[in-house]
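In: make a model of this:
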Amino acid sequence: MTADPSATTPPAVISRLLGHVAAHAAERPDEPAVLTADGGLTWAGLAASVATATRALRAYGIGRGTAVALATGRDRHAVTALLSVWSLGATAVLLDERHPAAHLSDVVANSGAGWIVAAELTPEVLGNGVPVLTPPDLLAEPGDGPGALAAEPVSRDDVAYVIHTSGSSGRPKGVDVSFGNLEAFVDAIETLGMPRGGNGINAVSPAFDGWLWCTLLYLVFANALGIVDLARSAADGPAAAIAALSPKVVCLTPSLLAACEEGVGSAEAIVVAGEPCPPDLARRHGTGRRLLNVYGPTEATIAATWADSARGDDPATIGTPVPGYAVHVLGPEGRPVPDGEPGELYIGGPGVALGYRNEPELTARHFVTDPLRGRIYGTGDLVRRRADGLLEFRGRVDTQVKVRGFRVELTEIERHAVGPGVAQAVAYLLPGGRTIGLAVVPGEDYPGDAELRERLAARLPAHQVPSAVRRLRTLPLTPNGKTDRAALATSHTAAGAGGQHPAQTTDALLDTVTKVWNTVLEHPVTDVDAGFFASGGHSLLAAGLITALREETGVSLSMRELLGNPTVRACAELVRARLAEPPAAS
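Out: Coordinates of the predicted model:
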């Protein structure tokens, strides 16, 4: 491929990443680089596979500027696919193969991807005519080993990757991140001095930039990328799957860390990101080991600030800007607010992304050029700068929320909910911050709560599907006439889904177990014979349910037992049987 004149001084980021792989392959060739449930790669194997896949992609005509959708995030060749695409100066479009087909098709179409590399997806699933390559297609011919690793020249403004976030239009919006942006991020993480070698944990959806954070951090510091598949983790749950890897470094959302604390005992360093970290969780894990609390929107290339206990930061805050970045706390008119007062966080510096793919007006609205501060991105997040200079996260200024580490635009859910049988719909975050509720005003031929959730599940990723639907005659309004989401959230638990009250029986133990389910699911269970997942549960909540049941009843259930007894009634009977067993001999 002929180098473009604009690439005469290309960013060195991909050459540096390939250099890390080559160095690890030379220094620790037989140590694991990638670990998955169905196999792995050593560092020497990773170096060879990147060289092989790069040559194969080049033979398909893939090069600088080609958008390649990657649905390999849970496969042992995930890092291979990413680095080989970047080696050619191509653009990686990150997919989660378990998202609904309609959502995936929207993402592929919006990104303009000419190819898809996938372990499971087929052209028939996507239905858009884009050819699909599998890892075996790219690894059919042996590579030339670490010495063959080399990067094609690119421009700083060439797009390195595209990540799609929830969009208020009802369709996902893509964020274009350049190779120059990526270089700024890698510059920052190379300063961290994390523990080298051993295993690292990546339990993040491959369509989320937290997946990139884990992957690149571990690659730089020679940690094996231990992929924990939450949907297919060990029968005893994600904590057991994490513990089985004896991780040295762990990157998790605070919610997942709280549910898997028993699995991280071997960790020397823990990174939390994706959502606010509760102070008590930060205190527990910031003592005796290093805790890094990372904040950053996709539009600022993964990380923009961090609080590092190793330098004495309070890890319950989001800290200070990462090296090379700038932050500004501004009021409604764009003026700085005094320390101690809340304002919107704006981010500047080389990590600010190019903008939204195919959305010039949206880009102009959120990425602005300030005469004093240069090009900055308005996050929509409220923060407060403390007297010690550390930033505290204080919430959102719009309708975006964070659910299990994912950014969710509530209006996207509402747009998909309104339709046949649904006249109005309002989505809102339930008080615990782990699940979404949906209030609807039914129209004629309302499909029913379960069918409405199924309809949403066919269009939205699982984290955007409401855990419970509540039927109302009218929606509550604020004094200025807007829908009162806060009132819906605070009244949800008391009123119950569908206006019904929690199930009550004459069985004290069944009522106790029902109350535990109500608390964990963050909405009343109205049917003791309804399944946990049908009631809005997910794998993270399942781990929390096991913990809550143990605390309330003294009975410890395994994940396998919960999945085998997935209703309140069956769960209560299992607890009853355990309580009737004689205590084990000491």
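In: what about Ile270, which SS state?
Out: Classification of Ile270 using DSSP: H, G, I helix; E, B strand; the rest coil returns strand.
In: that one contacts Pro254, doesn't it?
Out: No: the pair Ile270 / Pro254 is not scored as a contact, 10.2 Å apart, by Cβ atoms under 8 Å. Where C-beta positions appear, they are placed from N, C-alpha and C, glycine not excepted.
In: look at those two and report which has more neighbours.
Out: Neighbours per residue (other Cβ atoms under 10 Å) separate Ile270 from Pro254, with Ile270 holding more: 24 against 21.
In: what's near enough to touch Ala239?
Out: By Cβ atoms under 8 Å, 6 or more residues apart in numbering, Ala239 lies in contact with Ala259, Cys260, Glu261, Glu262, Gly263, Ala543.
In: pull out the buried members of these.
Out: The neighbour count (16 or more other Cβ atoms under 10 Å) marks Ala259, Cys260, Glu261, Gly263, Ala543 as buried among these.
In: contacts only, for the last one.
Out: Yep, that's Ala543 we're talking about. Gly237, Pro238, Ala239, Ala259, Cys260, Met559.
In: ok, the third one next?
Out: Glu261 sits next to Ala239, Arg284, His285 when contact means Cβ under 8 Å, 6+ apart.
In: scan this structure for its longest helix.
Out: For the chain, the helix that runs over the most residues, judged by DSSP state H, is helix 43-59.
In: buried residues in it?
Out: For helix 43-59, by 16+ other Cβ under 10 Å, it's 43-58.
In: name the helices or strands packed onto that helix?
Out: Where contact means 3 or more Cβ pairs under 8 Å, 6 or more residues apart in numbering; DSSP states H and E, helix 43-59 is packed against helix 13-27, strand 32-36, helix 78-87, helix 135-138.
In: deepest-packed of those, please.
Out: Highest mean neighbour count of these: helix 78-87, a mean of 26 (counted as mean count of other Cβ atoms under 10 Å).
In: what about that helix, distance to the chain center?
Out: Relative to its chain's centre, helix 78-87 lies at 20 Å (Cα atoms, centre = their mean, to the nearest Å).
In: how many degrees apart are it and helix 43-59 in direction?
Out: Helix 78-87 runs at 50 degrees relative to helix 43-59, counting by axes from the mean of the first three to the mean of the last three Cα atoms, to 10 degrees.
In: only alpha carbons, please: show helix 78-87 as CSV.
Out: The C-alpha coordinates for helix 78-87 follow below in CSV (Å, rounded to 0.1, in the frame of the first residue of the first chain):
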residue,chain,number,x,y,z
ALA,A,78,-10.0,-11.1,20.0
VAL,A,79,-6.6,-9.3,20.5
THR,A,80,-5.3,-10.9,17.3
ALA,A,81,-8.2,-9.4,15.3
LEU,A,82,-7.9,-6.0,16.9
LEU,A,83,-4.1,-5.6,16.4
SER,A,84,-4.1,-7.0,12.9
VAL,A,85,-6.8,-4.5,11.8
TRP,A,86,-4.9,-1.6,13.4
SER,A,87,-1.6,-2.9,11.9
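In: not counting its own residues, what contacts it?
Out: For helix 78-87, contacts defined as Cβ under 8 Å, 6+ apart pick out 14, 17-18, 21, 33-34, 41, 46, 49-50, 53-54, 56-57, 62, 68, 70, 72, 75, 91-92, 117, 135, 138-139, 149-152, 160, 206, 215, 219, 225, 227.
In: going on from the lowest-mean-pLDDT helix or strand in the chain, what's the next piece of helix or strand?
Out: Within the chain, no helix or strand scores below helix 485-495, which has a mean of 70 by mean pLDDT, DSSP states H and E. Proceeding N to C from helix 485-495, the next assigned helix or strand is helix 508-521, under DSSP states H and E.
In: got TSV for the helices and strands packed on helix 43-59, with mean pLDDT and distance to Gly174 too?
Out: As requested, those are exported to TSV (pLDDT from 0 to 100; distance: least, Cβ to Cβ, whole Å):
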stretch	mean pLDDT	distance to Gly174
helix 13-27	96	21
strand 32-36	97	27
helix 78-87	97	16
helix 135-138	92	24
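In: any chance of those in CSV, with distance to Asp280 too?
Out: Below are the helices and strands packed on helix 43-59 laid out as CSV (distance: least, Cβ to Cβ, whole Å):
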stretch, distance to Asp280
helix 13-27, 36
strand 32-36, 31
helix 78-87, 34
helix 135-138, 42
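In: wait, which of these is closest to Gly389?
Out: Closest of the helices and strands packed on helix 43-59 to Gly389 is helix 13-27, at 29.0 Å (criterion: Cβ to Cβ).
In: that closest one to helix 78-87, inter-axis angle?
Out: Using the same axes, to 10 degrees: helix 13-27 against helix 78-87 is 140 degrees.
In: so what's Ile163 bridging to?
Out: Here Ile163 sits in beta bridges with Val175, going by DSSP bridges.
In: quick one: Val68 is in a helix?
Out: No: read with three-state DSSP, Val68 is strand and lies in no helix.
In: against Val107, how distant is it?
Out: 13 Å (Cβ to Cβ, to the nearest Å).
In: identify the contacts common to these two.
Out: Val93.
In: stretch 148-164: end-to-end distance?
Out: By Cα to Cα, to the nearest Å, the extent of stretch 148-164 from end to end equals 32 Å.
In: pLDDT averaged over that stretch - what is it?
Out: Across stretch 148-164, pLDDT averages out at 92.
In: returning to what we had before: now, which of the buried ones among the contacts of Ala239 lie within strands?
Out: Taking DSSP state E, every one of these sits outside strands.
In: list the contacts of the closest residue to Pro206 other than its chain neighbours.
Out: Spatial nearest neighbour of Pro206, excluding adjacent residues (Cβ to Cβ, 6 or more residues apart in numbering): Gly73 at 2.1 Å. Residues in contact with Gly73 (Cβ under 8 Å, 6+ apart) are Leu94, Leu95, Asp96, Glu97, Ser205, Pro206, Ala207, Trp211, Ile227.
In: need phi/psi at the nearest residue to the fifth one once chain neighbours are set aside.
Out: Closest residue to Ser205 apart from its sequence neighbours, by Cβ to Cβ, 6+ apart: Asp96 at 4.8 Å. Geometry field for Asp96 lists phi and psi as phi -110, psi 110, criterion degrees, to the nearest 10.
In: how close does Asp96 get to Tyr325?
Out: Going from Asp96 to Tyr325 by Cβ to Cβ gives 27 Å.
In: check contacts around Leu95.
Out: Residues in contact with Leu95 (Cβ under 8 Å, 6+ apart) are Ala69, Leu70, Ala71, Gly73, Leu104, Val107, Val108, Ile116, Ala118, Leu121, Pro206, Ala207.
In: now the two most distant members of the residues you listed.
Out: The widest separation within those (Cβ to Cβ) is 15.2 Å, between Gly73 and Val108.
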